[in-house]
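Trainee: Quick one, structure for this:
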Amino acid sequence: MTSLFLYPGMALSPSEGPSGAPAGPAPGSLNVRHCVTRCIEALIDHGTDVYGPERSPLLMAVIDVGARRSPEKPDLCDSLVRLEERLHRRAERGSNLWYDQATLRVMRRLSELTGNPRYANAADAYIDYFWKRCKKEADPSKTYLTGMPAWGSHVYWNCYEDRPDGDLDGAGPHEILVYQPEWERMYAVNPEAVRRAIDGIWKWHVVDKETGMHNRHDDARRGLDFAFSGGTFIHAFAFMFHATGEKHYLDKAKTVANWHWRNRNKETGLVADSPASTDRYDGQHCFTTVAGPHAASLLRSFEITGEAFFRDVAVAYIKAYDRHGWDEKAETYFAMLRLDGTPIPERPKGEGYDAWAPYGHVDVWPTCIFAYEFPLIAAQAAIYAYELSEDGEGRRDADLLRIAQRWGRAIEKQLPPQTGRRWKRELEDAMPAARETGGTYAENYGRAISFLVHLYRATQDEKRLRLARDLAREAIEKLFENDLFKGHPAKPYYEATNGVGLLLWALLELDAPDEPLRGAF
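Mentor: Okay, the predicted model is just below:
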């Protein structure tokens with residue numbers, strides 16, 4: 001199959017100028033490292049907090065790419081659709097370190113590549129300020145005022161007013177999920193604050209210390225034990241074991257991991273996204289949340305601890321989802337499976353909370369930031385598991401590579417990137433320009449590019465690398481403007497919640513496709 005969206009006369013080049021500085025793009029070419037570097041420099045020069053009484057090195061979450069300023073009241077655009085009617089997730093007028101984790105990784109990588117410490121220093125200054133300043137109040141008499149960091153999907157730091165903001169006017173839940181944080185670097189900058197936050201996860205999020213039942217919110221009560229928040233907790237405890245050698249953190253990680261593992265269907269190997277929610281559809285079905293972000297967190301936990309339990313559980317979930325979710329005729333996966341392995345066919349959206357149930361086949365280019373659909377992360381997790389499956393004698397698990405190649409087929413079948421079918425009408429009604437621009441979110445471009453680079457590295461199939469380059473070319477054509485990457489082709493804003501950091505990291509992976517860099521998680 002030939003490349004689907006080549007631009008005539010354009011090529012990608014990893015070339016550099018004198019002294020390791022990124023060269024400007026040559027005529028007829030696009031230099032991915034140049035674009036990444038220009039974006040990071042624009043963020044450092046124009047994207048930090050200069051808005052409230054106290055200026056800081058925090059990166060703003062929403063930036064107008066034309067004015068290169070963070071607007072006090074940005075246009076709504078797609079926000080209510082993308083953010084599932086929860087506008088506080090956008091972090092307007094503020095900063096949210098949770099969504100900038102990949103950006104921190106990019107900044108450090110650029111300093112390593114160029115020898116210029118400016119980028120890493122800016123990242124460390126951001127981290128240092130955040131951990132010293134940006135947290136919720138601590139008031140044991142009030143729900144959610146736990147002193148946890150002001151980041152995640154409910155609260156953020158308002159840079160115009162220098163205070164926590166978001167859900168409940170900044171007094172809402174601490175909720176971290178899906179993305180893999182740069183715990184190691186944050187710990188190096190402020191080990192005491194990171195330890196307090198991770199200890200707070202055990203105190204406030206892990207409801208039953210024996211079974212590992214957890215709650216996405218920090219209220220120490222039984223609640224929704226989502227797979228993608230549970231995976232984040234596992235990774236946090238695994239990191240603290242890695243950093244300190246204190247075995248109780250490893251025990252905590254295994255206890256939380258065992259919550260989903262022990263609640264799986266023993267015949268199919270499938271587990272509900274939220275096992276404690278037996279009266280809801282997410283307590284009765286398995287989604288790509290399990291084979292995607294949850295499995296990826298388990299794999300990262302294995303990578304930093306060496307404990308095979310985490311890898312083996314992740315591999316079991318990935319293989320179970322493949323066994324029951326793959327549709328050979330359609331060359332794609334189903335998005336929702338009963339625990340007995342029965343796929344749920346396409347049907348109209350439900351009412352209320354049921355609207356988020358992902359019926360039918362996966363939507364490869366998802367619109368919503370969370371919901372229950374993560375096909376691109378499931379693809380990334382499959383190739384990640386293959387990379388970590390070496391048996392000590394150079395052999396890797398061929399079944400995992402086959403699963404990753406199936407995900408490659410599913411993605412390739414849906415090229416070029418587009419507005420996903422599940423929320424197409426709502427997105428285009430909210431942001432009509434999307435009908436003309438086409439394309440998808442920065443996060444989707446980034447995850448797909450990263451996956452294809454890793455699949456190329458596993459197979460040496462040049463077609464995978466060509467497709468990754470084509471995706472990068474399209475992302476740059478549609479998103480790169482005035483030295484910043486927009487979050488979506490149809491909007492005028494850089495937005496952290498649109499996953500620009502993940503795209504930047506994936507472009508650096510593409511810049512060195514044979515180097516075993518971590519994926520864009």
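
Trainee: What count of nearby residues applies to E331?
Mentor: If you count neighbours by other Cβ atoms under 10 Å, E331 ends up with 14. Every residue, glycine included, has its C-beta placed from N, CA and C.

Trainee: Tell me which stretches of the stretch 401-521 of the chain form strands.
Mentor: Secondary structure of the stretch 401-521 of the chain by DSSP state E, counting those that start in this stretch: the strands cover 480-481, 484-485, 493-495.

Trainee: Show the pLDDT at the residue lying closest to P343 once chain neighbours are set aside.
Mentor: Setting aside the residues directly before and after it, P343 is nearest to F334 in space (Cβ to Cβ, 6 or more residues apart in numbering), at 3.7 Å. Note on F334: pLDDT of 98.

Trainee: and V290, which of the strands of the stretch 401-521 of the chain is closest to it?
Mentor: Set against V290 and scored by Cβ to Cβ, the strands of the stretch 401-521 of the chain come closest in strand 493-495, at 27.4 Å.

Trainee: Pairing partners for that closest one, with directions?
Mentor: strand 62-64 (antiparallel) (DSSP bridges).

Trainee: what's L80 sitting at in phi/psi?
Mentor: For L80, the backbone dihedrals are phi -70, psi -30 (criterion: degrees, to the nearest 10).

Trainee: helix or strand for A125, which one?
Mentor: Element membership of A125 [criterion: DSSP states H and E] is helix 118-133.

Trainee: where do the strands sit along the stretch 251-400 of the chain?
Mentor: Using DSSP E, counting those that start in this stretch, strands in the stretch 251-400 of the chain cover 285-287, 326-327, 332-333, 336-338.

Trainee: Low-confidence bits of the protein, can you list those?
Mentor: In the prediction, the chain carries residues with pLDDT under 70 at positions 1-30.

Trainee: and F334, what does it touch?
Mentor: 325, 327, 343-344, 360-362 (Cβ atoms under 8 Å, 6 or more residues apart in numbering).

Trainee: show me where the stretch 301-450 of the chain has helices.
Mentor: Per DSSP state H, counting those that start in this stretch, the stretch 301-450 of the chain has helices spanning 308-325, 375-387, 398-413, 424-430, 434-437, 442-459. These are given in chain order.

Trainee: Could you tell me the end-to-end distance of stretch 422-438?
Mentor: For stretch 422-438, the first-to-last residue distance is 15 Å (Cα to Cα, to the nearest Å).

Trainee: Apologies, that question was intended for stretch 413-428.
Mentor: Using Cα to Cα, the span of stretch 413-428 from its first residue to its last is 22 Å.

Trainee: which residues are in contact with it?
Mentor: Applying Cβ under 8 Å, 6+ apart, the set of residues contacting stretch 413-428 is 4-5, 78, 81-82, 331-332, 349, 358, 363-368, 373, 434-435, 438-440, 444-445, 448, 467, 471, 474.

Trainee: Most tightly packed of the helices of the stretch 301-450 of the chain?
Mentor: helix 375-387 (a mean of 28; mean count of other Cβ atoms under 10 Å).

Trainee: Can you give the distance of it from its chain's centre?
Mentor: Averaging C-alpha positions (Cα atoms, centre = their mean, to the nearest Å) puts helix 375-387 13 Å from its chain's average.

Trainee: name the helices or strands packed onto that helix?
Mentor: With contacts defined as 3 or more Cβ pairs under 8 Å, 6 or more residues apart in numbering; DSSP states H and E, the packing partners of helix 375-387 are helix 288-289, helix 295-305, helix 308-325, helix 398-413, helix 442-459.

Trainee: what angle separates the third one from helix 375-387?
Mentor: Using axes from the mean of the first three to the mean of the last three Cα atoms, to 10 degrees, the inter-axis angle of helix 308-325 relative to helix 375-387 is 130 degrees.

Trainee: Centre of the chain to helix 308-325, how far?
Mentor: Relative to the centre of its chain, helix 308-325 is centred 20 Å away, using Cα atoms, centre = their mean.

Trainee: again with the first one
Mentor: Taking Cα atoms, centre = their mean, the mean C-alpha location of helix 288-289 is offset from the chain mean by 13 Å.

Trainee: about what we covered before: can you put the helices and strands packed on helix 375-387 in JSON lines and add distance to Y51?
Mentor: Shown next, in JSON lines, are these (distance: least, Cβ to Cβ, whole Å):
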{"stretch": "helix 288-289", "distance to Y51": "36"}
{"stretch": "helix 295-305", "distance to Y51": "34"}
{"stretch": "helix 308-325", "distance to Y51": "42"}
{"stretch": "helix 398-413", "distance to Y51": "39"}
{"stretch": "helix 442-459", "distance to Y51": "23"}
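
Trainee: where do the strands sit along the stretch 101-250 of the chain?
Mentor: Applying DSSP E, counting those that start in this stretch to the stretch 101-250 of the chain gives strands spanning 155-158, 163-166.

Trainee: Out of those, which is the most enclosed?
Mentor: Ranked by average neighbour count under the criterion mean count of other Cβ under 10 Å, the strands of the stretch 101-250 of the chain are headed by strand 155-158 at a mean of 30.

Trainee: tell me what it is packed against?
Mentor: Secondary-structure packing of strand 155-158 (3+ Cβ pairs under 8 Å, 6+ apart): strand 94-95, strand 163-166.

Trainee: what comes into contact with the last one?
Mentor: What it means is strand 163-166. By Cβ under 8 Å, 6+ apart, strand 163-166 touches 88-89, 91, 93-94, 134-137, 150, 154-158, 170-172.

Trainee: Pull the number of nearby residues for D340.
Mentor: D340 has 10 neighbours, counted by other Cβ under 10 Å.

Trainee: For the nearest residue to it once chain neighbours are set aside, give me its contacts.
Mentor: Leaving out its chain neighbours, the residue that sits closest to D340 by Cβ to Cβ, 6+ apart is T268, at 6.2 Å. The contact partners of T268, by Cβ under 8 Å, 6+ apart, come to 320, 323-324, 339-341.

Trainee: Can you add distance to A520 and give those residues back as JSON lines?
Mentor: What follows is the contacts of T268, written out as JSON lines (distance: Cβ to Cβ, whole Å):
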{"residue": "A320", "distance to A520": "25"}
{"residue": "R323", "distance to A520": "27"}
{"residue": "H324", "distance to A520": "27"}
{"residue": "L339", "distance to A520": "30"}
{"residue": "D340", "distance to A520": "34"}
{"residue": "G341", "distance to A520": "30"}
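
Trainee: Closest to H205 out of those residues?
Mentor: Of all the contacts of T268, the one with the least separation from H205 (Cβ to Cβ) is L339, at 24.6 Å.

Trainee: So what's the residue count around the residue lying closest to the closest one once chain neighbours are set aside?
Mentor: Taking Cβ to Cβ, 6+ apart as the measure, L339 lies nearest to N265, with 4.3 Å between them; neighbours along the chain are not counted. Neighbour count for N265, taken as other Cβ under 10 Å: 17.
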